[in-house]
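**Student:** got a structure for you, letters missing:
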């Protein structure tokens, strides 16, 4: 069984690495910027020809309930028989919060003996991308979303799951296809 994954374009590489770590091989469709309802429904229909399930993964951007409600409109554009195969996962607040859950992976990426403080609950950080960039600046670097993939390569998904309920939700939905 295969899972389809619809993600914001600049996170596709990181999500492929995270999925590899949880033994899921997704068929990925990328969207530029914020997930579009019309495009997501079109991609979902296309992916369901070859996948058992489709997960739409989006950043909450400080409004998890609003984003979930907005993306819920995808179901209105799907035929009734496909609606049960499409699932929405909202990252609280940004994918970078998942990366912040594993300070060792960030330290390894930054190198030069960089020490990153542990964050007990990274989902409380509303602008995780900015927070991560501040960590990078202290190490003399700039955070680019392309670096998310390399951090994800070193990340411990069990550590992320313990600190991030939105990641645990995603992992459960993705692994459910393979059970």
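**Tutor:** Good, I have the coordinates. What you see is a predicted model; the values in this text were computed from it and never measured.
**Student:** okay, CA-based contacts and neighbour counts for the rest of this
**Tutor:** Will do.
**Student:** Shouldn't residue 6 be within a helix?
**Tutor:** No. Assessed by DSSP: H, G, I helix; E, B strand; the rest coil, residue 6 does not belong to a helix; its assignment is strand.
**Student:** Any idea what it is bridged to?
**Tutor:** Note on residue 6: beta-bridge partners residue 29, residue 56, judged by DSSP bridges.
**Student:** and it, how many residues sit next to it?
**Tutor:** By other Cα atoms under 10 Å, the residues close to residue 6 number 25.
**Student:** Quick check: it vs residue 80, distance?
**Tutor:** 20 Å (Cα to Cα, to the nearest Å).
**Student:** Quickly find the element holding the closest residue to residue 77 other than its chain neighbours.
**Tutor:** If the residues on either side of it in the chain are set aside, residue 77 comes closest to residue 41, at 6.2 Å by Cα to Cα, 6 or more residues apart in numbering. For residue 41, the host element (DSSP states H and E) is helix 37-47.
**Student:** pLDDT of that helix, averaged?
**Tutor:** Mean pLDDT, helix 37-47: 97.
**Student:** what's the answer for stretch 110-130, then?
**Tutor:** Rounded mean pLDDT across stretch 110-130 is 91.
**Student:** so how far is that stretch off the chain centroid?
**Tutor:** In terms of Cα atoms, centre = their mean, to the nearest Å, the centre of stretch 110-130 is set 16 Å apart from its chain centre.
**Student:** Also stretch 83-94?
**Tutor:** In terms of Cα atoms, centre = their mean, the centre of stretch 83-94 is set 10 Å apart from its chain centre.
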